Structure formats: structure tokens, C-alpha cells
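Participant: Have a look at this prediction, sequence included:
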Amino acid sequence: MAASRWIDIGAASDLGRQPVARVEVEGLVLALTFAEGRFTAVDARCAHKGGPLDQGTLEGGCVVCPWHNWKYDRVSGRVPGRDQGVPVYTVEVRGERVLVDAASGNSQGPVITASHPLEREIVRKAGPVRVVGISTTVMNKEAPRYSTSERLLGVALDHAATALGAETRLLRLNDLQFRNCEGYYSKSAQSCTWPCTITQADAADQMEQVYEALVFWADVVVVATPIRWGNASSLFYKMAERMNCIQNQITINDRVMIRNKVASFIITGGQDNIQGVAGQMLTFFSEVGFHFPQFPFIAHSRGWDAEDMERNIEVVEASENLHEGARQLVSRAVGMATLLLGQGAGESSTPRGGRKASPVRKAR
């Protein structure tokens, strides 16, 4: 057993004024707590993702991490109800001074959490080009309606499967239960993690299906959206905000997670601003690493004053031109994906900022 190393860290009257304080002792950073007349100390590095417990709060006898709200018993250092925790250090008050034994940190923590399935290495499995269609139309699930954008997306996916030999999937965001982005990035860039913190903490959060499709499975992504007051669907933006954890890996870890993947778009609506909607979608998907084929979107609008929506449905359903446009759109996207995969998906690339990223391997 190591000999004690008692370090005087300050006056009890001063340290007792705040429930959680930062203390640096011989290279250690501790979260010192004071409650019910007693001082305790735990290692200030959260066992989850390294968040600063010394900047947290005290709640019900637990230190709460400011990044992701993990809680640690301030006496034992353990996460209530889980076999995880952080080291604790012995604290004594002698006279009017507070002392910490720098040699007393137990060896039980920090205990790193079990890995999430999305934390695995990004490897493309052998097989044909894979196309995922994402419909962002919002509707009443009990009384679903016709969606022009989703109808054309279906035409594109059918063509990809039957004429191009691609594997296809359809994700309807309206069918997925997923929470809004909770803005952990605003606390610290490092606290916006991969996998998304919400996905790690909430087993019922189905955004995992989108992450799985975009990062690991698909070579081509076709996103379909209606125009809503001159913008894409609200579900598109909800998804995009949750994808910040993908883009953030580039800026904080030099890790480009989207490589040799192609995105294209289907945009329909009863009003204009097609170019504005397309521009936003193109900008976002370029920022997370997607490529685009020549002519990367198709669109349809009958104009601002076309309020006879039932007529709009008839036009889209009967228009061979629009259906053929959807087929050509996915053909261009699959063609580009085939080209990129043929050139090799394992070559490293340089992300913005000039930093070299780790290469993504392709299974042989």
C-alpha cells in the first residue's frame, strides 16, 4: 500500500463556499465537493467521455458531469446502479485547513463504458452498390397521405434495384422515433461525440438507423423532401442537426467518416425556392463528406399560387418526365458511386484544414 501524501489544498472556510470546486494536486485534477458539513473528492475526469466533473453540479449526493449528465456518488465515486466509476481520494479537515491524500486514489476507476455498436471500424463489405432512400415527409401516421417527393423516391429505388442491380433500403424519418439534437457541442466541441451522446444514452432513439445507413451501409443516399415555406421539411433539419456528430469528428479528431459516398436529392412542392432548398442540402451533405453526380437533384413545383394540391398529385403521378427524371437521377448517382468504388475506397484524403485523416479500409 502506497504511503500517504497529504497535501494542504486550502482553508475550509473558503473551499466550503461552493458545492463543487476544482483542485489540482501533484498533477491530479480533482472535483472537491462539500455538503452536509463534509468534504469529499473524486477524479475530475468523467469515465464516459472525459468531461470535467470539477465544472459540474452537485445533485442528490452525486457529482453531475456538465457534458452528458453522468452522475457519480461523491463518496464512493460510483455511478449509481452501474459497475462504473471514478477514483475517490481521502479528504480530512485538520484545524481550519483541508488536506487531500494524493496517494489514496482507488484503482476502481475510471471504468470505461462498453463500446457502442456504432463505434466499430468503418469497413465497406463486398457487394453491389447500395442505395438508401430517405423520405423526410411529415404526415399523420394514422391517416397517411400521398407524398409527391416520396413517390418519386420510390420510383428511383425501384429502378436502382431492378435495372441497376443495386441493393436498396427506404428510411421514412416519419416512422422513426428520435430526439432533437440537444446541443452538447455548445458546451464543448469534445462533448459532441461519435456515436451521438443521445444514441448512446437512449436505447429507444432510432436515429441509430440513419447513422448505420449513412456511415456504414450505403454508397448512395437519395434524400426526398417537400418544400415547406421555401425550405426543406422540418424532419430534414432535425436529421441534419443530429448528423453534427459526423461532421464534428473531422474538426476534433481528423476523422473523415463519409468517404466515396454519393448524395442526390428529390425536391417537390406547391411553391417555389427550389434552388434555395437544393443549395442548403448540397452544402450540408458536402460538409459531411459526400460527393455529387452531375445534375445532383430533380425538382418539381407548380408555383406559389398552385393551391389545388389534388391537381399537383395528379401531375406528379401522371408525369412520365418526372418518373424518368427520378430514374436518371439514381442512375447518375449509382454510376458515380461505381466509379469511386472502382478507384478504391481505402485511400486516405485530406479533410479541410489540411490535416491528414486516417484511411478507411475496404473489405476484400
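Facilitator: Noted; the coordinates are in hand.
Participant: Please make it C-alpha for all contacts and neighbour counts, starting now.
Facilitator: Noted.
Participant: give me the low-pLDDT residue ranges for the stretch 51-200 of the chain?
Facilitator: 107-114 (pLDDT under 70).
Participant: Now the residue of the chain positioned farthest from its centre. Its backbone dihedrals?
Facilitator: Here the centre of the chain is the reference, and by C-alpha atoms, centre = their mean the most remote residue is residue 95, at 50.5 Å. Backbone torsions for residue 95, taken as degrees, to the nearest 10, come to phi 70, psi -120.
Participant: Distance check, residue 102 against residue 8.
Facilitator: Per C-alpha to C-alpha, to the nearest Å, residue 102 is found 10 Å from residue 8.
Participant: So for those two, which residue has more residues nearby?
Facilitator: residue 102 (20 against 16; other C-alpha atoms under 10 Å).
Participant: who touches stretch 130-144?
Facilitator: 145, 147, 149-150, 153, 157, 160, 166-175, 213-214, 217-226, 233-236, 334 (C-alpha atoms under 8 Å, 6 or more residues apart in numbering).
Participant: one more time with 7 Å, if that's ok
Facilitator: 145, 150, 153, 157, 166-174, 213, 218-226, 233, 235-236 (C-alpha atoms under 7 Å, 6 or more residues apart in numbering).
Participant: I figured residue 101 was touching residue 3, is that so?
Facilitator: No. With contact defined as C-alpha atoms under 7 Å, residue 101 does not reach residue 3; the gap is 9.4 Å.
Participant: More neighbours: those two, which one.
Facilitator: residue 101 (18 against 9).
Participant: Can you report how many residues lie near residue 265?
Facilitator: 26.
Participant: Pull up the per-residue confidence for it.
Facilitator: Note for residue 265: predicted pLDDT of 98.
Participant: pretty sure it is in a strand, no?
Facilitator: Yes. The assignment for residue 265 (DSSP: H, G, I helix; E, B strand; the rest coil) places it in a strand.
Participant: My guess is it contacts residue 297. True?
Facilitator: Yes. In this structure residue 265 lies within contact range of residue 297 using C-alpha under 7 Å: 4.5 Å.
Participant: Which strand or helix spans residue 293?
Facilitator: Using DSSP states H and E, residue 293 falls within no helix or strand.
Participant: contacting residues for it?
Facilitator: Contact analysis of residue 293 by C-alpha under 7 Å, 6+ apart lists 332, 333, 336.
Participant: is the residue lying closest to residue 43 once chain neighbours are set aside in a bridge, and if so with what?
Facilitator: Using C-alpha to C-alpha, 6 or more residues apart in numbering and skipping residues adjacent in sequence, the residue nearest residue 43 is residue 30, 4.6 Å away. On the basis of DSSP bridges, residue 30 is bridged to residue 23, residue 43.
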